[in-house]
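Trainee: Got a sequence here, can you build the structure:
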Amino acid sequence: MTEALKFHQVAYVVNDLDAAVKHWADDLGIGPFTVYTLKSPGLKNCMYKGQATDFGLRHAMGWSGTTQIELVQPLHGPSIFKDQLESTGEGLNHIGCIVQDHPAAVADFLARGFTPLQSASGFGAEGDGAFAYFRPPFGAGTIVELISPPKVRIQPDYIYPVAEGK
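Mentor: The predicted structure follows:
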């Protein structure tokens, strides 16, 4: 293994991102959530189960202590998120960790028998950032996301709830 993985994110697939953000913030006290839309032309090199494709999603990220909660709503194209909504519905989708060398971490996962499911890059304001989802080689384990966050994020769609005084 190229580096020790430090998981910090738990992600859920939802049908309605705006309603989910409101629920998780208002009813569970998590957040604030920052909401983004990721799609072409900003989202590049999209792959789904080994095939080049085009997909789009909306996602929101908020913190509960040291754990990041991500909510994901698929928009268009094939994706692991759409697959889940069609097969089992809303719920837990993956756990994620930030890696320092994304290509090396991906190569390590592939060498260890992880199955690539979906990936993309270029979603940062400066065209950087990458993510890749894998199924572990041992049965029906949880999907794992390797994340290389962008240096500068794109402008969010919105933040909820809005901080008082803003």
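
Trainee: starting at the chain centroid, how far to stretch 118-136?
Mentor: From the chain centre to the centre of stretch 118-136 is a distance of 9 Å (Cα atoms, centre = their mean, to the nearest Å).

Trainee: er, stretch 141-154 actually
Mentor: How far stretch 141-154 lies from its chain's middle: 6 Å, per Cα atoms, centre = their mean.

Trainee: what comes into contact with it?
Mentor: Residues outside stretch 141-154 that contact it (Cβ atoms under 8 Å, 6 or more residues apart in numbering) are 9, 11, 36, 42, 80, 92-99, 102, 105-106, 109, 114, 117, 121, 123-126, 128-136. Any C-beta I mention is one placed from the backbone N, CA and C, and that applies to glycine too.

Trainee: now the strands for the protein?
Mentor: 7-13, 33-38, 44-48, 51-52, 56-64, 67-76, 91-98, 115-121, 130-135, 143-148, 158-160 (DSSP state E).

Trainee: Report the buried residues of the first one.
Mentor: When you say that, I think you mean strand 7-13. Going by neighbour count (16 or more other Cβ atoms under 10 Å), the buried part of strand 7-13 is 9, 10, 11, 12, 13.

Trainee: State the distance spanning the first to the last residue of stretch 153-163.
Mentor: Using Cα to Cα, to the nearest Å, one end of stretch 153-163 lies 19 Å from the other.

Trainee: typed the wrong thing, it's stretch 109-119
Mentor: 13 Å.

Trainee: Quick check: chain neighbours aside, which residue is closest to residue 136?
Mentor: residue 114 (5.9 Å; Cβ to Cβ, 6 or more residues apart in numbering).

Trainee: my read: the one you found touches residue 135, true?
Mentor: Yes. Residue 114 is within contact range of residue 135, at 6.7 Å (criterion: Cβ atoms under 8 Å).

Trainee: And these two? Which one has more around it.
Mentor: Taking neighbours as other Cβ atoms under 10 Å, residue 114 and residue 135 compare with residue 114 leading, 21 against 18.

Trainee: any weak-confidence spans in the chain?
Mentor: Filtered on pLDDT under 70, the chain yields the residue ranges 1-3, 140, 164-166.

Trainee: that older thread, make JSON lines out of the strands of the chain and add distance to residue 19.
Mentor: Shown next, in JSON lines, are those (distance: least, Cβ to Cβ, whole Å):
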{"stretch": "strand 7-13", "distance to residue 19": "13"}
{"stretch": "strand 33-38", "distance to residue 19": "12"}
{"stretch": "strand 44-48", "distance to residue 19": "26"}
{"stretch": "strand 51-52", "distance to residue 19": "32"}
{"stretch": "strand 56-64", "distance to residue 19": "11"}
{"stretch": "strand 67-76", "distance to residue 19": "10"}
{"stretch": "strand 91-98", "distance to residue 19": "15"}
{"stretch": "strand 115-121", "distance to residue 19": "24"}
{"stretch": "strand 130-135", "distance to residue 19": "24"}
{"stretch": "strand 143-148", "distance to residue 19": "23"}
{"stretch": "strand 158-160", "distance to residue 19": "11"}
